[in-house]
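>>> Sequence below, structure please.
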Amino acid sequence: MFTTVLMIEKPLAPADVELVTSLHGDEQVSFVVLMQPRGDQDRLLRAVDDVALGYLDDAAHEDREPEGDDATPIAERALAHSLEALRASGAEAVGRIIDKHPLDLLRTVVEETNADEVIVLTAPHFVEEFFHRDWTSRARHKVGVPVLKLFAQHD
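Modelled structure (predicted):
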């Protein structure tokens, strides 16, 4: 069985599930999903990304996302939804919320599960990607397995 660590920041859309579960053809895949609560710590960067992608309504939206402990219940629901969707597609899936140090946790999970790969499934983050500060760029220096970046579907 092929083991994939899947880092996400929002619930998986049906197209996301189809993409990650079909990458290895007919080979059975087991997923360990790591869900990062977003909060508003990167609100300015997300607004720049939204403008670059043409999502002007999203960039101008003033409501703040919950932070810290307030973000956890939302992340837990997103994780539960994503695990259910992966399991419904026939894949094995377990997961957890990232509470601190996402890349350290990623390295630990890869080692503990003997993962074959890491998939980072996020919205485009142009500023972070340009400066190689995005999860994918940083993860490639932390784990000893291939790291694939995929773009999540925008709802």
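>>> secondary structure class for Ala85?
When the structure is reduced to helix, strand and coil (DSSP: H, G, I helix; E, B strand; the rest coil), Ala85 reads as helix.
>>> Tell me who's in contact with it.
The neighbourhood of Ala85, defined by CB atoms under 8 Å, 6 or more residues apart in numbering, consists of Pro11, Leu12, Pro14, Val17. Yep, even glycine has a C-beta here, placed from its N, CA and C like the rest.
>>> Nearest to Val5 among those residues?
Comparing the contacts of Ala85 against Val5 with CB to CB places Leu12 closest, at 14.4 Å.
>>> For the chain, just list every one of the strands.
Taking DSSP state E as the criterion, the chain carries its strands at 2-8, 29-35, 92-97, 117-122, 147-151.
>>> Can you tell me which of the ones you listed is nearest to Val110?
With distances scored as CB to CB, the stretch of those nearest to Val110 is strand 2-8 (5.7 Å).
>>> hang on, the earlier thing: make CSV from the strands of the chain and add distance to Glu76 to it.
Conversion of the strands of the chain to CSV gives the following (distance: least, CB to CB, whole Å):
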stretch, distance to Glu76
strand 2-8, 13
strand 29-35, 8
strand 92-97, 6
strand 117-122, 18
strand 147-151, 23
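>>> sorry, back to before: nearest to Ala88, of the contacts of Ala85?
Within the contacts of Ala85, proximity to Ala88 (CB to CB) peaks at Val17, which comes in at 8.0 Å.
>>> From start to finish, how long is stretch 91-100 in a straight line?
For stretch 91-100, the first-to-last residue distance is 27 Å (CA to CA, to the nearest Å).
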